[in-house]
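Chemist: Predicted model follows, preceded by the sequence.
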Amino acid sequence: MASIRQTSKALSVNPLRVSQPMGAALAFLGLNRAIPLEHGAQGCTAFSKVFFTRHFREPVPFQTTAMDMVSTIMGSNERLQEGLETVIAENRPEVVGVISTGLAEMQGSDVEGVVRGFRAGHEGRAEVVAVSTTDTLGGLESGYALAVRAIIDRMVLPGAGLRRPAGPPRINLLASSMLTPADLEAIRDWVDSFGLDVVILPDLSGSLDGHLSHEGYTTLTTGGTRREEIAGMGGAALTIVLGDSLAAAADLLQERTGVPDLRLPGLMSLADCDAFIQALVDVSGKPAPARIVRQREQLLDALVDSYAALGDMRIAVGADADQLVAFSRLFDDVGLRLVTAVSPCRTDALLQLPLPEVIIGDFEDLEDHARQQGAQLLIGNSHALQSAGRLGIPLLRAGFPQYDVYGASARQWVGYRGARQLIFEMANLLAGQRTGAIAPYHSPLRQDFSAAAAASTADLSAGSPRL
């Protein structure tokens with residue numbers, strides 16, 4: 001079991017933490033015809049929207065109550081009331097996610113009270129879900145988890161939808177913030193191959209997967225989990241929870257519906273993928289399709305093929321807890337050594353990581369500890385690029401945000417196929433880190449043979465790494 005150490009620096013250098021309101025907004029962006037409404041200053045929302053737009057490279061629906069100096073001092077409840085009325089009248093959403101920010105929390109705005117009063121006078125209109133996510137606590141993962149729990153608390157009512165619907169059996173999937181739209185699309189394909197229906201909450205695969213809609217420009221999300229699907233989650237045969245951060249949301253869903261659940265820390269390791277497939281086999285009563293069995297065999301072959309390149313290599317990871325745990329479980333399959341783990345927020349899930357110490361800190365802490373441990377590969381979001389350059393090791397981009405590459409949302413990490421591709425990518429990145437490589441033979445009788453070529457061959461044979 002790992003111990004957790006909180007850094008005591010007076011400031012954060014190159015922060016790893018992403019704010020809670022951004023995490024909550026990400027969850028609401030996975031609902032159909034929804035719009036997040038941040039109760040705070042206009043700049044806070046603009047900052048979040050820029051990050052989402054650069055990461056997903058899509059227009060992102062977002063609104064703000066635009067608190068100013070007067071409303072901050074004199075009270076902002078009326079501004080929130082007006083903001084809700086305007087957003088619903090002009091956009092006609094099915095769901096509005098009201099997200100508090102650090103400014104609203106410090107000002108003492110009664111967000112829950114305003115929302116309750118608004119609902120009383122606007123029955124039958126949009127569903128309004130409020131979530132408290134101050135910037136000074138937690139991070140993207142915790143804000144996302146709080147929003148998922150708030151959605152369940154408001155939209156899955158006790159005794160609602162508990163009868164099994166006609167047709168194929170249904171499962172619920174609570175999806176962690178670490179899953180990309182491509183991950184969720186791959187999971188849906190797995191479930192469909194067993195003849196099952198699935199309700200994914202939240203479902204970014206329909207809203208932020210990067211598709212051109214026939215509707216053209218819209219101020220609401222296009223795709224995602226529908227309002228009636230959430231209300232009927234009690235009619236499922238099983239709930240599968242991916243990510244330890246969603247434990248509170250899973251507890252509430254089970255309490256409300258009585259649906260049994262299976263909780264997995266991720267879907268990257270062989271054991272977790274096998275447990276997921278076995279659950280689908282049990283619910284459907286059907287054997288695993290041949291193509292999924294084939295994908296598993298391909299992953300096993302990739303583990304054999306890449307062992308020489310990956311075995312005992314030293315990895316440093318900076319990420320939220322769910323993603324850290326998922327990576328560590330895959331590393332155990334491959335034979336990689338996780339030597340440095342830095343997370344922005346303390347959670348109990350970090351205790352299960354297979355190393356002596358986990359650091360709660362920033363990318364400066366990741367860089368310093370990775371240097372001490374002799375890390376050979378760095379894993380983190382785009383903010384880790386400069387650290388990787390100073391360390392002289394390759395960077396595998398993972399997590400949020402990724403603003404200097406294309407296709408971050410289209411990258412599949414989970415399942416047998418996603419794990420296989422990740423193994424190959426790590427092997428290719430680390431191939432240049434091995435020393436003592438066998439140099440290609442250059443005959444001195446060749447007409448174009450030069451002293452430079454001879455010197456480079458001699459250097460490689462002597463064990464100097466060539467990057």
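Modeler: Sure, I can see it. Numbering: from 1, shown residues only.
Chemist: what does the average pLDDT come to for stretch 373-384?
Modeler: Averaging pLDDT along stretch 373-384 yields 96.
Chemist: Report the buried residues of stretch 231-249.
Modeler: Counting neighbours by 16 or more other Cβ atoms under 10 Å, one finds that the buried residues in stretch 231-249 are 232-247, 249. (C-beta placed from N, C-alpha, C; glycine too.)
Chemist: Who are the contact partners of Asp272?
Modeler: Residues near Asp272 by Cβ atoms under 8 Å, 6 or more residues apart in numbering: Leu264, Pro265, Gly266, Ala326, Arg329.
Chemist: from what I can see Leu103 touches Met67, true?
Modeler: Yes: using Cβ atoms under 8 Å, Leu103 is in contact with Met67, at 5.9 Å.
Chemist: Give me the more crowded residue out of these two.
Modeler: Met67 (23 against 20; other Cβ atoms under 10 Å).
Chemist: Please report how far the more buried one lies from Ser100.
Modeler: 11 Å (Cβ to Cβ, to the nearest Å).
Chemist: before we move on, what about Val111?
Modeler: 5 Å.
Chemist: Likewise for His211?
Modeler: According to Cβ to Cβ, His211 and Ser100 sit 31 Å apart.
Chemist: between the two, who's got more neighbours?
Modeler: Using other Cβ under 10 Å as the criterion, His211 and Ser100 rank with Ser100 on top: 24 against 12.
Chemist: Filter the contacts of Asp272 down to the buried ones and hand me the ChimeraX line.
Modeler: Of these, the buried ones can be selected in ChimeraX as follows, counting by 16+ other Cβ under 10 Å:
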select :264,265,266,326,329
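Chemist: And the contacts of Asp272, which is closest to Tyr406?
Modeler: Checking those against Tyr406 with Cβ to Cβ, the nearest one is Ala326 at 23.4 Å.
Chemist: helix or strand for the closest residue to that closest one other than its chain neighbours, which one?
Modeler: Using Cβ to Cβ, 6 or more residues apart in numbering and skipping residues adjacent in sequence, the residue nearest Ala326 is Gly266, 2.9 Å away. Taking DSSP states H and E as the definition, Gly266 sits outside all helices and strands.
Chemist: Model confidence at Gly266, what's the number?
Modeler: 96.
Chemist: where does it fall, phi/psi-wise?
Modeler: Phi and psi for Gly266, reported as degrees, to the nearest 10, are phi 180, psi -170.
Chemist: can you pull the contacts of it?
Modeler: So Gly266 contacts Ser176, Met178, Leu242, Gly243, Asp272, Asp322, Gln323, Val325, Ala326, Arg329, Val414 (Cβ under 8 Å, 6+ apart).
Chemist: Name the nearest residue to the third one, ignoring sequence neighbours.
Modeler: What that stands for is Leu242. Leaving aside its sequence neighbours, Leu242 sits nearest to Ser176 (Cβ to Cβ, 6+ apart; 5.2 Å).
Chemist: what residue ranges in the protein score low on pLDDT?
Modeler: For the chain, the stretches with pLDDT under 70 are 159-166, 215, 432-439, 441-442, 446-467.
Chemist: again, only using 80
Modeler: Residues of the chain meeting the criterion pLDDT under 80: 1, 70-75, 121-124, 158-167, 212-217, 432-467.
Chemist: Give me the contacts around the top helix by length along it.
Modeler: Determined from DSSP state H, the single longest helix within the chain is helix 290-310. Contact partners of helix 290-310, identified using Cβ under 8 Å, 6+ apart, comprise 190, 193, 270, 273-274, 277, 333-336, 415-417, 419-420, 423-424, 426-427, 430-431, 434.
Chemist: Only the buried residues of that helix, if you could.
Modeler: Ile292, Gln295, Arg296, Leu299, Ala302, Leu303, Ser306, Ala309, Leu310.
Chemist: cool, stretch 212-232 as well?
Modeler: Buried, per 16+ other Cβ under 10 Å, within stretch 212-232: Leu220, Thr221, Thr222, Gly223, Gly224, Thr225, Arg226, Arg227, Glu229, Ile230, Gly232.
Chemist: do stretch 173-191 as well
Modeler: Neighbour-count burial for stretch 173-191 [16+ other Cβ under 10 Å]: 173-188, 190-191.
Chemist: repeat for stretch 63-78
Modeler: Neighbour-count burial for stretch 63-78, counted by 16+ other Cβ under 10 Å, picks out Gln63, Thr64, Thr65, Ala66, Met67, Ser71, Thr72, Ser76, Asn77.
Chemist: residues in contact with the fourth one?
Modeler: Residues counted as contacts of Ala66 (Cβ under 8 Å, 6+ apart) are Ala41, Gln42, Thr45, Arg79, Gly83.
Chemist: Which among the residues you listed count as buried?
Modeler: Buried by 16+ other Cβ under 10 Å: Ala41, Thr45, Arg79, Gly83, out of those.
Chemist: Inside helices: which ones of those residues?
Modeler: Assigned to helices by DSSP H, the following of the buried ones among the contacts of Ala66 qualify: Thr45, Arg79, Gly83.
Chemist: about what we covered before: so which of the buried residues of stretch 63-78 would you say is closest to Leu355?
Modeler: Thr64 (41.0 Å).
Chemist: Can you give me the distance of the closest residue to the closest one other than its chain neighbours to Phe62?
Modeler: The shortest distance from Thr64 to any non-neighbouring residue, by Cβ to Cβ, 6+ apart, is to Thr45 (3.7 Å). Note on Thr45: its distance to Phe62, by Cβ to Cβ, is 6 Å.
Chemist: Ok, Arg33 next?
Modeler: Using Cβ to Cβ, Arg33 is found at 15 Å from Phe62.
Chemist: go on, Tyr416?
Modeler: Counting by Cβ to Cβ, the gap from Tyr416 to Phe62 is 36 Å.
Chemist: do the same with Gln352
Modeler: 35 Å.
Chemist: Comparing those two, which residue is more hemmed in?
Modeler: The residue with more neighbours, out of Gln352 and Phe62, is Phe62; 20 against 16, by other Cβ under 10 Å.
Chemist: Check whether the more buried one really touches Val50, as I assumed.
Modeler: No: between Phe62 and Val50 there is no contact under Cβ under 8 Å: 10.1 Å.
Chemist: So which residue is dead centre in this protein?
Modeler: Residue closest to the average C-alpha location in the chain (Cα atoms, centre = their mean): Met178, at 1.7 Å.
Chemist: Got the phi and psi for it?
Modeler: phi -80, psi -10.
Chemist: what about the closest residue to it other than its chain neighbours, neighbour count?
Modeler: Take Met178 and drop its neighbours on the chain: the residue closest to it by Cβ to Cβ, 6+ apart is Gln323, 4.2 Å away. For Gln323, the count of nearby residues is 27 (other Cβ under 10 Å).
Chemist: a strand runs through Gln323, doesn't it?
Modeler: No: in this structure, Gln323 is helix, not part of a strand, as judged by DSSP: H, G, I helix; E, B strand; the rest coil.
Chemist: tell me the contacts of Gly318?
Modeler: Neighbours of Gly318 in contact, by Cβ under 8 Å, 6+ apart: Leu16, Ala341, Val342, Ser343, Phe363, Leu366, Leu378, Ile379, Gly380, Asn381, Ala384.
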